[in-house]
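J.: Quick one, what's the 3D model for this:
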Amino acid sequence: MDLPVPNTLIPKNFEILDQEEAQSEKPTLVHEKEGCEVWYMKDDKFKLPKAYIACRIYTNDCNFGSTTDGRVFVNVWE
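T.: Numbering: from 1, shown residues only. Modelled structure (predicted):
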């Protein structure tokens, strides 16, 4: 038995940053790439971290799009 490896994703600094009106007024486009956009808006009202993530995954598994059985299978798991 042994301890698990340290989790490097846990933050070490939990201080709340000062309020900045410019970052709290409207979302700012941080990064843009084909089919992907990253927006940022600071929450000074509730001071809670949050994220909204949407993904569309394209795959050829289960013969999706090429056979009737593949379409039915994907619709069952959708």
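J.: Which helix or strand contains Ser24?
T.: Assigned by DSSP states H and E, Ser24 belongs to helix 21-25.
J.: Lys42 contacts Ala22, doesn't it?
T.: No: at 9.0 Å, Lys42 does not count as touching Ala22 under the criterion of CB atoms under 8 Å. Where C-beta positions appear, they are placed from N, C-alpha and C, glycine not excepted.
J.: Compare the two and say which one has the larger neighbour count.
T.: Lys42 (16 against 8; other CB atoms under 10 Å).
J.: how near is Trp58 to Lys33?
T.: For residue 58 the amino acid is Tyr, not Trp. In this view, Tyr58 and Lys33 are 16 Å apart by CB to CB, to the nearest Å.
J.: Do me a favour and average the pLDDT over the longest helix belonging to the chain.
T.: Counting residues, the longest helix in the chain under DSSP state H turns out to be helix 68-77. The average pLDDT within helix 68-77 is 76.
J.: now swap in stretch 7-27 and tell me
T.: Across stretch 7-27, pLDDT averages out at 82.
J.: got the buried residues for that stretch?
T.: Residues of stretch 7-27 classed as buried: none (neighbour count, 16 or more other CB atoms under 10 Å).
J.: How about stretch 1-8?
T.: Within stretch 1-8, no residue is scored as buried using 16+ other CB under 10 Å.
J.: Stretch 28-42 now?
T.: Lys42.
J.: Give me the distance between the two termini of it.
T.: 10 Å (CA to CA, to the nearest Å).
J.: I'd like the distance from that stretch to the chain centre, please.
T.: 11 Å (CA atoms, centre = their mean, to the nearest Å).
J.: So what touches that stretch?
T.: Contact with stretch 28-42 is made by 17, 20, 23-24, 26-27, as judged by CB atoms under 8 Å, 6 or more residues apart in numbering.
J.: and if we set it to 6 Å?
T.: For stretch 28-42, the surrounding residues in contact (CB atoms under 6 Å, 6 or more residues apart in numbering) are 23-24, 27.
J.: Also stretch 14-25?
T.: Outside stretch 14-25, the residues that reach it (CB under 6 Å, 6+ apart) are 42, 44, 47.
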